[in-house]
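In: what's the 3D shape of this:
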Amino acid sequence: METEKEMSSEKYKLQRIREQFIHELSTNLHLYGMNESTGRLYGSLLFNDQAMTLDDMSMQLGMSKTSMSTSIRQLTEANMARKVWQKGVRKDLYTSENDWYESFVAIFTKQWRQAVESNRKASIELEQQLTELRRESPELLEEIEIDLKKVDHANGYYDWIESFVEHLESGKIFEYLPKK
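Out: Numbering: from 1, shown residues only. Sure, this is the predicted structure:
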């Protein structure tokens, strides 16, 4: 990597512009459940013309190889980076995936599936408890019925979320909202 003194004025300006974009990108990656350093790594991969090893990443970002390893694993799981092969290179090489739509789908669907699964478990438990309470306390029948309708409404919402997630995973969403 060139030092600031070795860079031309134009090249230095280009590097500064890229760094601004990487900064914005990394500060917003928390929406994907990732920290800023993982975002900076993604930005570095995005603007780097060559695939990078963990050593390259560590040197460029001034962070430990362990941190780079954790971050690159997060990025590969999110379809934001991928391992590549290069003849004669024995270390693992990584490059960015540039299909941000695919990355969004991978992360969004994973998070929403987990949330819906957790909420459905809570919904089933609540419904069972309300049904049991209905048998034990007939004087609360009206309130319990209202709560059961709320649970039913919540389950309808979870069904809708699952349908939305299926549209994302199948790619059907892009028939309604085309990629740009």
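
In: how near is the residue in the chain sticking out farthest from the centre to residue 177?
Out: Within the chain, the residue lying farthest from the chain centre (Cα atoms, centre = their mean) is residue 139, at 47.6 Å. According to Cβ to Cβ, to the nearest Å, residue 139 stands 50 Å off from residue 177. Where you see a C-beta, it was placed from the backbone N, CA and C, and this is true even at glycine.

In: ditto for residue 94
Out: From residue 94 over to residue 177 (counting by Cβ to Cβ), the distance is 30 Å.

In: the two: who's more crowded?
Out: Neighbours per residue (other Cβ atoms under 10 Å) separate residue 94 from residue 177, with residue 94 holding more: 22 against 9.

In: if I read this right, that one contacts residue 55, doesn't it?
Out: No. Here residue 94 does not reach residue 55: they are 11.5 Å apart, not a contact under Cβ atoms under 8 Å.

In: and the protein, what are its domains?
Out: 9-97, 101-176 (automatic domain parsing).

In: for the longest helix seen in the chain, name the packing helices and strands.
Out: The residue-count maximum for a helix in the chain (DSSP state H) belongs to helix 100-136. Applying 3 or more Cβ pairs under 8 Å, 6 or more residues apart in numbering; DSSP states H and E, one finds that helix 100-136 contacts helix 141-170.
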